[in-house]
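Colleague: Generate a structure from the sequence data that follows.
(one chain, ligands or ions: 2)
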Amino acid sequence: MTGIGILGSQGRMGLAIAEVLSELGARDAGGVDLGGDVEALAQASDVLVDFSAPAALEGHLNAAIAAGTPIVIGTTGLSGQHHAAIDKAAERIAVLQTGNTSLGIAMLSALVRQAASRLGEEWDIEIVETHHRRKVDAPSGTALMLGEAAAEGRGTTLPETSVIGRAGLTGDRVAGTIGFASLRGGTVAGDHSVLFAGDGERIELSHHAEDRAIFARGAVKAALWLAGRDPGRYTMDQVLGL
Ligand SMILES: NC(=O)C1=CN([C@@H]2O[C@H](COP(=O)(O)OP(=O)(O)OC[C@H]3O[C@@H](n4cnc5c(N)ncnc54)[C@H](OP(=O)(O)O)[C@@H]3O)[C@@H](O)[C@H]2O)C=CC1
Ligand SMILES: O=C(O)C1=N[C@H](C(=O)O)C[C@H](O)C1
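Modeller: Residues are numbered from 1 along each chain as shown. Ligands and ions are numbered 1, 2, ... in the order given. Next up is the predicted model:
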């Protein structure tokens with residue numbers, strides 16, 4: 001039976017993943033948080049799942065590489081340097097990084113890519129996300145993923161087009177940009193909406209996470225799929241067969 005080790009095990013996601021593992025009767029290889037023995041967990045696990053914090057990523061990747069253990073990274077708020085480190089790790093071990101492990105968001109990304117490619121730049125794209133009061137990064141990893149899908153659909157990139165938040169005398173909206181707005185409050189598990197605003201009409205594509213169990217189930221699915229794979233950087237689309 002595949003042993004899954006949880007990095008960030010006492011956090012909201014870590015606890016949700018442990019619950020899914022016990023429901024499935026799957027082997028829980030244990031977990032660690034700040035100050036825990038990551039190397040020992042990596043050695044004891046067939047696959048690691050990391051839902052912790054960007055500051056922990058480098059240590060987690062190093063432990064996974066040293067043990068030759070594949071790793072699913074769900075942590076968000078990652079920088080370009082973090083992504084470069086993930087690419088480098090993927091030369092040695094199997095790595096799957098995603099801002100959202102749910103099936104619904106994988107499907108929404110595909111729909112957003114298609115809509116952006118077919119509608120053209122006269123349709124303005126704005127992405128709105130709402131999360132619980134304890135979320136520490138913005139925009140959410142999912143919002144950025146949806147922005148990347150939209151940018152790809154338009155044949156451009158997110159760094160070239162993103163506008164994160166607006167305030168003051170902003171002037172007219174610049175054509176071709178992709179805007180982001182983040183709302184925080186209460187216990188919202190995660191809402192994402194992509195607005196395509198044209199002349200006289202609007203399309204909204206949305207996803208509402210009712211419970212973080214959907215992320216936990218997706219993370220376990222991804223981990224079971226990733227265990228035993230060759231080195232490389234994999235995606236949720238591959239796990240879900242989309
Ligand atoms: N990809 C996806 O589908 C999803 C991704 N996420 C992302 O997962 C991450 C965790 O979310 P959530 O569980 O809600 O957050 P929590 O704050 O509830 O949990 C984070 C956990 O990581 C630990 N941690 C924090 N800093 C470090 C560190 N430097 N080294 C080791 N461990 C550390 C914390 O331990 P301690 O309490 O001891 O500090 C805690 O156990 C976030 O980035 C979030 O955006 C969340 C949901 C879905
Ligand atoms: O922190 C959260 O809670 C979530 N984080 C992820 C993100 O940043 O997109 C995924 C989900 O929306 C919940």
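
Colleague: separation between Gly80 and Ala56?
Modeller: For Gly80, the distance to Ala56 equals 18 Å [C-beta to C-beta, to the nearest Å]. Glycine gets a C-beta too; all of them are placed from N, C-alpha and C.

Colleague: what residues does the protein put near ligand 2?
Modeller: With C-beta under 6 Å from any ligand atom as the criterion, the chain meets ligand 2 at residues Thr76, Gly99, Asn100, His131, Lys135, Ser140, Gly141, Thr142, Gly190.

Colleague: For Gly80 and Ala56, indicate the residue with more neighbours.
Modeller: Ala56 (17 against 8; other C-beta atoms under 10 Å).

Colleague: Let me know the pLDDT of the closest residue to the more buried one other than its chain neighbours.
Modeller: Nearest non-adjacent residue to Ala56, counting by C-beta to C-beta, 6 or more residues apart in numbering: Leu7, 6.9 Å away. pLDDT, Leu7: 98.

Colleague: Would you map out the domains in the chain?
Modeller: Following automatic domain parsing, one gets these domains for the chain: 3-97+213-240, 103-209.

Colleague: tell me the mean pLDDT over the last one?
Modeller: Think domain 103-209. On average, domain 103-209 scores 97.

Colleague: now swap in stretch 219-238 and tell me
Modeller: When pLDDT is averaged along stretch 219-238, the result is 97.

Colleague: Could you tell me the end-to-end distance of it?
Modeller: End-to-end span of stretch 219-238 (C-alpha to C-alpha, to the nearest Å): 13 Å.

Colleague: residues from this structure in reach of ligand 1?
Modeller: The chain comes close to ligand 1 at residues 8, 10-14, 33-34, 51-53, 55-56, 74-77, 98-101, 137, 141, 212, 215, as judged by C-beta under 6 Å from any ligand atom.

Colleague: For Gly36, see how far away Trp225 is.
Modeller: Per C-beta to C-beta, Trp225 is found 25 Å from Gly36.

Colleague: Tell me which of those two has more neighbours.
Modeller: Trp225 (21 against 15).

Colleague: Tell me the backbone dihedrals of the more buried one, please.
Modeller: Phi and psi for Trp225, reported as degrees, to the nearest 10, are phi -70, psi -40.

Colleague: what about the closest residue to it other than its chain neighbours, which helix or strand?
Modeller: Nearest residue to Trp225 in three dimensions, chain neighbours excluded: Val239, at 4.6 Å (C-beta to C-beta, 6+ apart). Here Val239, judged by DSSP states H and E, is contained in helix 236-240.

Colleague: can you check Leu96 too?
Modeller: strand 94-97.

Colleague: for the helix or strand following that strand, packing partners?
Modeller: Moving toward the C-terminus from strand 94-97, the next helix or strand (DSSP H and E) is helix 103-119. Applying 3 or more C-beta pairs under 8 Å, 6 or more residues apart in numbering; DSSP states H and E, one finds that helix 103-119 contacts helix 141-153, strand 190-197, strand 202-209, helix 213-226, helix 236-240.

Colleague: can you do 7 Å?
Modeller: With contacts taken as 3 or more C-beta pairs under 7 Å, 6 or more residues apart in numbering; DSSP states H and E, helix 103-119 sits against helix 141-153, strand 190-197, strand 202-209, helix 236-240.
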